[in-house]
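Enquirer: sequence first, then the predicted structure:
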Amino acid sequence: VPTHSSNLDSILVGYAMDQIMGLPSFSYGAGLNLYNFGPAAYFMNRLGAYRVDRRKKNPIYLETLKTMSMLSIRRGVNSLFFPGGTRSRSGQLESELKMGLMGTAVEAQRVLCQADSEKKVFIVPLVICYNFVLEAPFLIEQHLRMTGRENYIRLKDEGTSVRAWFRFIWRFFSTTSDITLSVGRPMDVLGNFVDQQGRSFDRFGNELNVRDYFASAQGVNVDRQREEEYTKLLAERIVERYHVENVVLSSQLVAYAVFELLLHENPKLDLFGILRLPPDDYLFPFRAVEEVVEQMQATLFEMEKQEKIRLAPELHRAADDVVRDGVKNLGIFHTEKPLGFSKSGDIVSSNFRVLYFYHNRLENYHLDKAVQWKSQEIEVLKLD
């Protein structure tokens, strides 16, 4: 169950599982939009994907999809689906998951228990971490349009052209930019961790029998309400593990720090007022960004010790190195870079909206509370 940020996710995960992890092919659903673009369609038709039309709300169609998913899982076919349902428009890690396909895993486990099978269904969270997302400008426009409504001034939507895709693919193979796949701890369908032998354990280390959760006085039976509750519990556990297994990249931390500096400089403006500010008028002193990053690093180090998050190796460098590395890698393929260096060595932005998108990746960790904003070093210069 991976996070979903880009149309690249399906191809990337399929390639990684085959070439790097050495796992058998997976069956998974892919939106029709991926089949409308030649290069993507070429890969999707060869990755074991089946078409999903999200526009169809017909109960028969939806039940057919869920039944096929349940049968695949029940018969031992590796299955992959994005529980968020679609790409994250805001740039945040998923916090609300779709229950449909996830419920088929719970149902498949109950059917196996009814058949007195010893087979178990395992859930493995996967967090995909990018220094850039090709569709970021388009995605954040959609998010702001939906949440802001009349408060948001709509920009021209250029989408993602075929030429942009080819340019991206060329730069992807000709430049260096890390993409991190963080594979989480496997769980059973109730969200309990499992060991290498597939045995389930609760939070206190006590071994559990999954069959007991589907049994009543009459034996293992069908109880839709019970399975819905199990699905909700599983969704909560997956969201929890997403935030723990997430790997913080230098680009994400620097984007978060700079946007929080901008918010701190304009306390009377709401988000949409901030996003209407002209980026050319603002310069972020390198020393100010460095100090904010340094304070946030201290909090992240403590969270890492408590196993509440994962950090990329470069996050353990000195704060000034983290800032340089983050600015260099952030949104490397965007026409308007969210962050860059001025001639004086300070930091500037060409697009606050895209910067906000990358900032949101760390929004739920509340790192801004770790910063002592009263420091004289922490200030933004507004150019006259």
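Expert: Sure, I can see it. Just so we're clear, the structure is a prediction, and the values are computed from it rather than from any experiment.

Enquirer: Pro125 versus Ile274, what's the distance?
Expert: Counting by CB to CB, to the nearest Å, the separation of Ile274 from Pro125 is 33 Å. Backbone N, C-alpha and C define where each C-beta goes, glycine included.

Enquirer: again with Lys57
Expert: Taking CB to CB, one finds Lys57 at 28 Å from Pro125.

Enquirer: who has more neighbours, those two?
Expert: Of the pair Lys57 and Pro125, Pro125 is the one with more neighbours under other CB atoms under 10 Å, namely 23 against 8.

Enquirer: what number of residues lie near the closest residue to Pro285 other than its chain neighbours?
Expert: Nearest non-adjacent residue to Pro285, counting by CB to CB, 6 or more residues apart in numbering: Asp346, 5.3 Å away. Neighbourhood size, Asp346 [other CB under 10 Å]: 15.

Enquirer: what's the longest helix in the chain?
Expert: Counting by DSSP state H, the longest helix found in the chain is helix 224-245.

Enquirer: and that helix, which residues are buried?
Expert: 227, 230-231, 234-235, 237-239, 241-242, 244-245 (16 or more other CB atoms under 10 Å).

Enquirer: tell me the contacts of the residue nearest to Asn360 when sequence neighbours are not counted?
Expert: Closest residue in space to Asn360, ignoring its immediate chain neighbours: Gly91 at 3.8 Å, by CB to CB, 6+ apart. Contacts for Gly91 (CB atoms under 8 Å, 6 or more residues apart in numbering) come out as 5, 133, 136, 139-140, 143, 356-361.

Enquirer: what do you get for Ala108?
Expert: With contact set as CB under 8 Å, 6+ apart, Ala108 has these partners: 70-71, 73-74, 121.

Enquirer: may I ask which helix or strand encompasses it?
Expert: Element membership for Ala108, per DSSP states H and E: helix 100-114.

Enquirer: try Val293
Expert: Under the assignment here (DSSP H and E), Val293 is part of helix 286-305.

Enquirer: packing partners of that helix?
Expert: If contacts are counted by 3 or more CB pairs under 8 Å, 6 or more residues apart in numbering; DSSP states H and E, helix 286-305 sits against helix 250-265, strand 310-311, helix 319-329.

Enquirer: at 6 Å what do you get?
Expert: Counting by 3 or more CB pairs under 6 Å, 6 or more residues apart in numbering; DSSP states H and E, the packing neighbours recorded for helix 286-305 are helix 250-265, helix 319-329.

Enquirer: now the closest residue to Leu269 other than its chain neighbours, what's its secondary structure?
Expert: Leaving aside its sequence neighbours, Leu269 sits nearest to Leu277 (CB to CB, 6+ apart; 7.7 Å). Under DSSP: H, G, I helix; E, B strand; the rest coil, Leu277 falls in the coil class.

Enquirer: tell me how many other residues crowd Leu277.
Expert: The tally of other residues near Leu277 (other CB under 10 Å) stands at 16.

Enquirer: re the thing from before, and the residue nearest to Asn360, which of the three is it?
Expert: coil.

Enquirer: contacts only, for Gln295.
Expert: Gln295 makes contact with 370-371, according to CB atoms under 6 Å, 6 or more residues apart in numbering.

Enquirer: hmm, try it at 7 Å
Expert: Contact analysis of Gln295 by CB atoms under 7 Å, 6 or more residues apart in numbering lists 370-372.

Enquirer: where does Phe37 land on pLDDT?
Expert: Note on Phe37: pLDDT of 65.

Enquirer: residue ranges with poor pLDDT in this protein?
Expert: 37-40, 47-48, 150-165, 167-177, 375-379, 383-384 (pLDDT under 70).

Enquirer: care to break it down by domain?
Expert: With domains defined by automatic domain parsing, the chain comprises 8-128+178-245, 247-382.

Enquirer: looking at these, which is buried most?
Expert: Neighbour counts (mean count of other CB atoms under 10 Å) averaged over each of those peak at domain 247-382, with a mean of 18.
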